[in-house]
Each structure stands twice: as C-alpha cells, then as structure tokens.
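> Here's my sequence, what's the structure:
(2 chains)
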Amino acid sequence: MTAAGVVTLLPFIALTLSAVVVMLAGTFHTSHRLTVGLTLGGLAWTLAMLPVTAARGGRQVTELLLLDDYTLFFIGLLVLTTAGVVLLSYGYLERRESHPHDYYTLLLLATLGGATLVASTHFASFFLGLEVLSVSLYTLIAYPRLHADFIEAGVKYLVLAAATAAFLLFGMALVYAELGTMSLNGFALLHVTGGGAADTSLLVGGFVLIIVGIGFKLGVVPFHMWTPDIYQGAPAPVTAFVATVSKGAMVALLLRYFRGVSLNPHDTVWIVFAAIAAASMIAGNLLALLQSNVKRLLAYSSIAHLGYILVAFLAVGRTAAVAVGFYLVAYFVTTLGAFGVVAELSGAERDADRIDDYRGLAARRPLLAATFALVLFSLAGIPLTVGFLGKFYVVNAGARSQLWWLLIVLVATSTIGLYYYTRIVVAMYVEQPQALPSAPRPARLGAIAGSRASDAVLIVVAGLVLFLGIYPAPLIRLLEHVVAGLP
Amino acid sequence: MHTMIVLIPLLPLAGFVVTLLLGKRVLSARPEVVSLAAVTASWVLSMIVVAHVFGAHDKAIDFNLFTWVSAGSFHVQWGYLVDSLAAVMLIVVSTIGMLVHYYSIGYMRSDGGYYRFFAYLNLFMFAMFTLILANNYLLVFLGWEGVGLCSYLLISFWFHKKSASQAGKKAFLVNRIGDWGFTLGLFLIFTTFGSLQFGQVFAKVSLVSPGLVTWISLLLFVGAVGKSAQFPLHVWLPDAMEGPTPVSALIHAATMVNAGVYMIARSYPLVSHSHTAMLVVMIVGTFTAIYAACIALTQNDIKKVIAYSTISSLGFMFMALGAGAWVAAIFYLFAHGFFKGLLFLGSGSVIHSMSGEQDMRRMGGLRKKLPLTFWTMLIGALANVGMFPFAGFWAKDEILGGDFSAHYYIVWAVGIVTAFVTALFMFRLMFLTFWGENRASAEVQRHIHESPRVMTVPLVILAIPAAVLGLVVGLPPDGGWLHTFLQPVFFNVEKEHFAWAGTGGGLMALSLVVVALGISTAYVAYLRRPGLPARAAARVPWAYEASYHKFYMDEFYNAAVIRPVMGFAMWLWAFVDVRVIDGAVNGLAWLWGAFGRVLRPLQTGRAQSYAFGVFAGLFVLIILIRYFWGA
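Here you go, the predicted structure:
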C-alpha cells in the first residue's frame, strides 16, 4: 500500500484509533462523561477526515476497499447516526451502569465494521466488515448484563448471525468456484450482462445463499424472525443502532453491487428480490398491527420499511438510486428519533416499551410527545415530513419502471401502517395515563442524567424531519452526485 | 432590495414562532410585543419596496431564492415577484395588517389566549405576504392554503363556543371545494405549459388552444369563488363572523377574501384570453353583488350586515374583472380594503362598548356616546355606498362606467340597483346603531363608553384613505395615478374612452342620485316612520322571509348535500363498516390468529426455531428459483 493509500484510508484510521483511545482511557477509570466526549471527538475526527479523502478523488485501496464519494457519503451517514446513538446512550447508561466504557469502544468498532462494509469491493472485506459489525453487536446487545433479557437477546443474535454468516460464506465459496474471482465487481458484471453462459445452478445457488446472509442483516421476510426479539430485548439505543447503521451499511452495499439486478427484470434473482420486497411489506405491516409492544411494533415496521426500500432498489435509473438513498436517510432520521424517545423514557428497571407507558404522555411531557408524534407521522408518510417525500420518491421511481404490482402492495400496506402508528399518537394525546405503579417515574429519572444529550438528538431529528420534508432539494442534489457512478 | 422583499414575509413568520413558543411563559407580561415589532417592521419594509417599485417605473422585480421542489422534470422555485399589482396589494395588506395588530391589543386584552391570537395573526401575515409576493402558482397556493388555515384557526379562536368551532369547520370545508378547483387548475397549467412560473406561463398563452385556456381560467375561478366567497360558495363568510372582530376586519374584509380577486387579476394574461371565462366571472360576480346586498337588507346582526356587504363588494370586483375593467377592480379592492376594514373595526368598537351585543335592534343613539367611532364609521359607510367624494365613489363609478362602455347594459343596471340597495342597508345599519333612542337594557347602557385610544387611533387612520383615496389616486376617472401605475401589469386592456363630460358625467350623476335615494329611503324607513319596514315586510312576506333566511342557501345545502352525505355515511357505517369491514377485519384477525397458532412453535423466542425459519426461507427461495428457472 502506498502513502497515498494511507491518506485515503484516513477515515478508517481515525475510527480505529478512536476505538483504541476510548478503550485505553477506560483503564484509567475515567468518568462516563469523558468517555462520551472522547467517543464523540473520535467520530468528529472521522467526519473531518471525509473531505480530506474526498478531495483526493475516488480511490481504490488495495483490492479490498474503494473510497469514492458514494462510500464517503454513507460513511458520513453512519458516523453521524452513531454520534446520535452515543448521545442517546449517555443518559440511558447513566441510569444503569457504573463503568460503561467498553460500550463506546464496541460502538466505534461496530461503526468501523459498517464503514468497511460500505467500502468493500471484495468478498474478503465484505465478510470482514460484516463480522466486525456483528461481533460488536453481540456484546452491545447484551451489555447491560444485569438483566436476563439483554443477555438472552445477545445470545440469540449471536447464534442466528453466526448461522447466516455461514450461509453467506458458503455462497461466496460457490460463486468463487464458478467465477474464479472474489471481486464484487465481477459479481456485479454478471447481472449487467444478464448471466449468459455463467448462469449455472452452482452460481445461482451461491447467489441465493449470499442473499440469505444479506437478507438476515436487513431483516427482510423470510429472514426477519429475529428482529422483533432483538429489537425488544436489546437496550433502546443499541436497537436504534441495529435498525439504522447495521441495516443501512448493507443497503449501501446492496445498492452498489446488486443494482444490476434491476436492469434485468426477467432475471430469476430479480424475482427473488421482488418476492422478498412484497412479503416484507405485507408481513411487516400486518404483524405490526397486532403489537402492543412499541419496540416490537417498530421492529415489524422496520421490516416493512426495508421492503419499501427494496421497491426503489428494483426500479431502473438514477432516480431510483436517489430514491433508495433518500429513503434510507429518512428512515435513519426517523428511526433514531423513535428509539430516542423510547430511550429517554426508559427507566432503570425496564425499557418503556409498552403502549401503556405512552398513555397521556402529551400531558406529562408535551415536547417529547410532539416529537414522537412527528416521527411516527413521518414513518407513516404524512406530508410535510421527510417520510412522505421518501415514499414519494420511491413511488415515483417505481412508477417510472412500471412496477405496478409492487406499488399496489406498497400503497395498500402503507395504509395499514397509518393505523398502528396513529394508535401510539392516540395513546399519547387522547387516552388518560394509567395509575402509575409506586415505582419512581422513569421520566423523572431521565430528567436528572443525560437527558440534555438525548434532547439535543431529538431536537435535531425533529428539525431534520421537517426541514427535509419541506425542502429536500439540497439532499437530492447531494445524492444525485453521489450515485452518479452507479450503473 | 431582494433582502427586504424576502424579509417582509419572513419577519412575521419568525414572530409567529417566537410568540407561539415563548408567548405563554417568557413573554407573559407583554406577549404581543414580538408580533407587533414583526408586522411594524414588515410595514416599513413594504413601504420602502413600494416606493422603489413606484420609482423604477414598469420594471418588475422578479427573482428566485432557491429550488423548492424538484422531482424529475417538475421544478418549482421559491421566488418573489414585485410589480405594481403586488405593490398595491402590499400597501393594503401591510397597512391594515399592522393597524389590526394594534387594535387587537385593546380588543383582545382580557382574553385568555391573548398570545395565541397574536401568534396566529403573525402566521396569517406570513401566508398573505407569501401569496401576494409569489412568482409562481405553487407558492401562491402555499400562501393560499396558509391563509385558509389561519382563517380556520382564527374563526374558531373561541373554540369552546360550539357555533365558533362549527363556523371554522364550515369555512374550511367550503373552501376545500374551491381549492379542489384551484388545484386542478394548477395541474392543468403544469401539463399545458410545463411550468408554474408566472412569466413562463404567460409568455406561452397564445400558443395554447383557447379551449384549454378557458378550462384553466374557469378552474382558477372556482378557487377564487371559494376564497372570495362568491355565490354559491359564499355561505362560509357570514358564519365566519363568529371569530373575533379584528379577524373579521383583517381576514374576512380587507385581505384574505381579496385573494381570489388578486389571483384572477394576476392571471390576467391567461383569463383575458378566454371570452367565456370572462363572461362567467362577470355573471357570477354580478349575481353575487345583488344577491348578497338583498340579504344584508334584513339581517339584524351588525357584523352579518357588513359581512354580506363584503360579499356584495367582492361581487362588484369580479363584475369589473369580467367586464374587462381590470384597473377599476383593483382600484375598488384598494379602496374597499380600507373602508371595509374600517367598518369592521368600527363595529368591533361598538360591540366592545355594548358589552358584546351584536343585535342592532338593541342598539341606537350611540352617536353621542361614541363620537370617534361614529364619525369614522360614517366616513366608512359613505365610502362604501359610493358617495361623492369618498373613495368608494370613484372606484364604483369606474366599474359601472366600465360595464356601460363595454355594452353590458344589463350588468350596469344590476350594478345601479345594487348601489341603491347598498345605500339602503348601509344606512339602515347607521341609523339603527347611532341614531334614535338606545334600546339596550339599563345595565348595558350604564357601561357604554368610547373604546380606548389603541382602538380608536386605527379607526382614524383608516378613515383617511377611506375618505380621500379616490381623490388622490383615482383622478381623473379612468386615467388617474393608479392607472398609470398598473399599466405594465394590465398592458393590453382595450379601453373605450367616452367623454366624462358627456355620458360619463351623466352616469355619475345618476348613480349619485340613486345613492341619495337609498340613503333617504333608509332615513324615512328607520328614523322618521319606524313602523314602515314591518308593514312593508307584511305586504310581501315571501320576499322578506327569503331575504331574512338568506334565500335558504344553508337549508338548500343541508338538504342537497349534507343530508345525503350523512345518509350515505350512516349507510357506510351501518352496513359497509359494521358488516363488511368489521367482518373482514375480524376475519383477518381470526386468520392471523390461526396463522399465529400454526406458527406458534416458531414464535417461542427460541433461537433454534428462528434458525429453522431461515432454513425454511432459503427453501422457499430455492423453490421460487426452480419455478422461474429460465423464465
């Protein structure tokens, strides 16, 4: 690797060094506040390195990583989201852990894994990134180890992620055996040329196995079954991380290398993706309908949202790629907001995940309730929010490619979504709070430690939901530039 | 200059946000200061901009700030256009807006939602400024919907009163019908011209088939009918009087209801291309003018009378637009804003002093006790009926002259009759309120007092343009300052000059005679021989009843629209919802329950079963691929 390559890798180096610094600082029994400060500093440093790399132009570093504007945009998105998660975690952990230093090390490493995933051009870096991300997540989910729920969720995630990683690895092996290359570019080329002579059963089999690995990470039907349990079992900020960074990194990879699929709607793989998208939209929305647990409800809704993203992914053209990017940003912002509210309301005993916890919230915490309502409306796709425009761009892209059946499913299932999102809003604004148990009010505790930090996140989220919902043009322009290199 | 124009709507928006967020706690002592500062600053800026436009003759300022919406080939800019038409609107909106803000300090002080009121007023100013300064139809639409929203919020400001919240809803719903037309018009404009920017649309009008232009104009006019309360969508405006009186003055007399007139005038290059559309505009306006005037004759609520008079005046403006007297219409709008705002604020002062009484049958003799209110309202009334030399006279006579010279003699005749009825009901209002004996209870009489300075000063200020505006901008008739000023906007109006010394002078004299006749009839009927109206009503009871019940329009809507819709809704509920939908939902719930029971072994939360699920999914995918193999 040349010196120029090192400079190009600066964002990765910054992220890695930050993780090391935070870990070392932990050995000196530094305060929680300082650890959070160091973590945020590391993330800011990483962010500051992005323009430095961008100024040097898109560059392939070894065979493994490509740092072009597309990669850098998504790394920036992941880093900013992680910063939001860090701020949410501060108050959340202050309430229940005495020395949560490793938590932040792991969060930084997980982000590094996500960034690697986005930048990877090779099966090896793809797999490495995925594993760095997953292994960090096992521990993060189980981190508040005094509660059995978290441990259970962590172990469950470990078993399932390891199993599906095996599928992925086996799929890669099959593809390599047939094509003789581990490069993702060769893989992408396959679709563009429509398969042709290479369209053998070994290759298709390898393909499907890789889709299992990707589908598990995205949490789409039929590989979705872990999501409700993990979402419910993990600490709220970690859930936010799983829902955003971990899924978003995979979407970015998918968009870059599987775009070829959309160019050929008669491809068998295209049909597989279409079936996954439709099934995710239907099952996600219908199952969310029956939930009375907010975290599980959001889990099912995220299944549906990934389905919407896949619709845009299957559409042809630049607008479709922009729609995927825009929807992803919208989904990041709103998901962070939703779990931010859950985290802020959660007490030391348990997370505030029952709908009953939200009854009459508007009277107790009007601004928090208003933010949650705004975020839920955005998830439901009500105009003037970013969620509406996200759906609009997705539908626009789908209509241009005449994916009528998928669009019918999208619109029909979105109306179901309207019901279960507004149910929470109704609980907050119309229903009376239940007689609270004698336990101290979680809201009270939150007000003491770290709620400033999560308030800041929620204010930014609310501002972005409205701003991007009214004036999306700058983001659209950026995305148009970013996806310019895609097929 | 651009910065100033941007700031004009932006300042009230900032005022709205600050007042809404901080009004209750931080600014609780003087919650109105921020919004007052915002509108005052906007007024100053508006005056500077107007002066600039006046100085830079016939050079419109048209600029884009940023791309607002961009989707595929659909691009809309956020941009402003200030030409002489926008400048005239700026004068009316900013001046009356500011005065109403000050007036509200006195009128609303004892009200619980004081800060909320000022916040909404500020939001309204933002929307109204956006509407008149926009350089494309979509931005106009944003302001259009914004003023509609504020109108709704302010009509039902006293939402605990059922009638107020009902009136708010009615205004909102009726306006939906107009907005539906407006929206369709926008779609049609975009598909026809590929743009929503005024300049780009108007440049291409002559390239488009006349039929399309007619459809676009008519759809836009549907929007105007809703917003400017023309027949048959006028029913919301009288009910809107449930809102606080400053709101009635600002929104429902001087500014928002003029938006329809403004929009049609703004679309001049489009509308003037379609003879059919012009004819429709004129007929609807003429009919509304006489129709609303007849209703005003028998109403007893002082605000309702002025409300119907507003509808009638707006009808006059559309009559002028349709007859091709474009400048006269804007002239009337200009003058009307001041004198009608004045009349509303004056009636508010009367109501304020009468402890909230609005029924004119329990007023009377207030001339002595409320001298300032009386004199200013008298000027307003004289301007409204079109008495020489007040503002209304010049504007109204240009309209009637326009009808006459365009050979619309029937329209002209209806206009003359309307002028008579207007004089009659306006002075019925004046005589019942300010002359004769006071008919209120002793308790109310004891509390009668002139309103505080903060309320009377705006009255005096408004009385000045109501009195002299016509002399300043309207002389000589059909060639005054306003005509020169607006020339660049209505660049192509064919004008038939007739000698004002001959025909014109005769027409003027005739309309003056008619007005004098109206006033003296009112004098005889309501002061000299008070029994006369009752006897007249007894002679033609059907006519009286019809007018008193507003020609049964509400009853008609109730029978023709609301009942059937309610019936349909009941049917939907009783049959479709309970049987079909609930059945389906319950069935679906049962289905999912059954599904759940089947899948329960997988849903225990055990990781093994989830791993099994992954296998099953893979299996399904492989089957899928085998099935489509080679497809």
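
> alpha carbons only for contacts and neighbour counts from here, please
Fine.

> Might you enumerate the residues of chain A proximal to chain B?
Counting by C-alpha under 8 Å from any C-alpha of the partner chain, chain A comes close to chain B at A:156-157, A:159-160, A:163-164, A:205, A:208-209, A:212, A:221-223, A:225-226, A:229, A:266, A:268-269, A:272, A:319, A:393, A:471-473.

> pretty sure B:Tyr80 belongs to a strand, no?
Yes: counting by DSSP: H, G, I helix; E, B strand; the rest coil, B:Tyr80 is located in a strand.

> Return the residues in contact with it.
B:Ile5, B:Val6, B:Ile61, B:Asp62, B:Phe63, B:Asn64, B:Leu65, B:Leu133, B:Ala134, B:Asn135 (C-alpha atoms under 8 Å, 6 or more residues apart in numbering or on different chains).

> burial measure for whichever residue of the stretch 401-550 of chain B sits closest to chain A, as a count.
The minimum distance from the stretch 401-550 of chain B to chain A, using C-alpha to the nearest C-alpha, falls at B:Val489 (31.3 Å). Using other C-alpha atoms under 10 Å in any protein chain shown, B:Val489 has 20 other residues around it.

> Could you do A:Ala124 as well?
Per other C-alpha under 10 Å, the neighbour tally for A:Ala124 reads 18.

> Tell me where the longest strand sits in chain B.
Secondary structure assigned by DSSP state E gives strand B:61-71 as the longest strand of chain B.

> Next, the buried residues of the helix or strand where A:Leu478 lies.
According to DSSP states H and E, A:Leu478 maps onto helix A:473-482. Under the neighbour-count criterion of 16 or more other C-alpha atoms under 10 Å in any protein chain shown, helix A:473-482 has A:Ala473, A:Ile476, A:Leu479, A:Glu480, A:Val482 buried.

> measure the fourth one to A:Leu468 for me?
Using C-alpha to C-alpha, to the nearest Å, one gets 16 Å for the distance from A:Glu480 to A:Leu468.

> ok, now the last one?
In this view, A:Val482 and A:Leu468 are 18 Å apart by C-alpha to C-alpha.

> Now B:Pro458. Nearest residue, chain neighbours left out?
Distances taken as C-alpha to C-alpha, 6 or more residues apart in numbering or on different chains put B:Leu99 closest to B:Pro458, at 5.5 Å, once the chain neighbours are dropped.

> Can you tell me how far the one you found is from B:Ala254?
For B:Leu99, the distance to B:Ala254 equals 12 Å [C-alpha to C-alpha].

> Look at those two and report which has more neighbours.
Remark: of B:Leu99 and B:Ala254, B:Ala254 carries more neighbours, 28 against 25, as counted by other C-alpha under 10 Å.

> Quick check: phi and psi on the nearest residue in space to A:Arg95 that is not next to it in sequence?
Nearest non-adjacent residue to A:Arg95, counting by C-alpha to C-alpha, 6+ apart: A:Ala348, 5.7 Å away. When read as degrees, to the nearest 10, the backbone of A:Ala348 gives phi -70, psi -30.

> So for A:Ala348, what's the pLDDT?
Looking at A:Ala348, its pLDDT stands at 74.

> hang on, it packs against A:Pro144?
No: here A:Ala348 lies out of contact with A:Pro144, judged by C-alpha atoms under 8 Å, at a distance of 10.4 Å.

> Common neighbours of these two, please.
With C-alpha under 8 Å, 6+ apart as the test, A:Ala348 and A:Pro144 both reach A:Arg96.

> center of chain B - which residue?
Nearest residue to the geometric centre of chain B (C-alpha atoms, centre = their mean): B:Val257, 1.6 Å.

> correct me, but it touches B:Gln230?
No: between B:Val257 and B:Gln230 there is no contact under C-alpha under 8 Å: 9.8 Å.

> about what we covered before: buried subset of the contacts of B:Tyr80 as a PyMOL selection?
Those of the contacts of B:Tyr80 that count as buried under 16+ other C-alpha under 10 Å are selected in PyMOL with:
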select buried, chain B and resi 5+6+61+64+133+134+135
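
> Considering the contacts of B:Tyr80, which is situated nearest to chain A?
B:Leu65 (12.4 Å).

> gap between that closest one and B:Tyr627?
Taken as C-alpha to C-alpha, the span from B:Leu65 to B:Tyr627 is 55 Å.

> now B:Ala569
According to C-alpha to C-alpha, B:Ala569 and B:Tyr627 sit 47 Å apart.

> quick one: which of the two has more around it?
B:Ala569 (14 against 11).

> Which pLDDT value goes with the more buried one?
Note on B:Ala569: pLDDT of 72.

> got the contact list for it?
Contact analysis of B:Ala569 by C-alpha under 8 Å, 6+ apart lists nothing.

> Show me which residues of whatever helix or strand it lives in are buried.
Here B:Ala569, judged by DSSP H and E, is contained in helix B:563-571. Within helix B:563-571, no residue counts as buried by 16+ other C-alpha under 10 Å.

> how many neighbours does the closest residue to A:Met49 other than its chain neighbours have?
The shortest distance from A:Met49 to any residue other than its chain neighbours is 5.3 Å, reached at A:Pro11 (C-alpha to C-alpha, 6+ apart). A:Pro11 has 27 neighbours, counted by other C-alpha under 10 Å.

> Quick check: the gap between A:Pro11 and chain B.
Note on A:Pro11: its distance to chain B, by C-alpha to the nearest C-alpha, to the nearest Å, is 32 Å.

> With A:Val342 instead?
Counting by C-alpha to the nearest C-alpha, the gap from A:Val342 to chain B is 22 Å.

> Number of residues surrounding that residue?
Residues within reach of A:Val342, counting by other C-alpha under 10 Å, total 26.

> which parts of the longest helix along chain B are buried?
Using DSSP state H to define each element, chain B has its longest helix at helix B:162-193. Across helix B:162-193, burial judged by 16+ other C-alpha under 10 Å covers B:163-172, B:174-190, B:192-193.

> try stretch B:329-337
B:Ala329, B:Ile330, B:Phe331, B:Tyr332, B:Leu333, B:Phe334, B:Ala335, B:His336, B:Gly337.

> which residues make contact with it from outside it?
Looking at stretch B:329-337 with C-alpha under 8 Å, 6+ apart, the contacting residues turn out to be B:88-89, B:92, B:96, B:253-255, B:258, B:262, B:265, B:313, B:316-318, B:320-321, B:384, B:391-392, B:395-396, B:399, B:465-466, B:469-470, B:474, B:482.

> can we see that at 7 Å?
Here stretch B:329-337 makes contact (C-alpha atoms under 7 Å, 6 or more residues apart in numbering or on different chains) with B:92, B:253-255, B:317, B:320-321, B:391-392, B:395-396, B:399, B:466, B:469.
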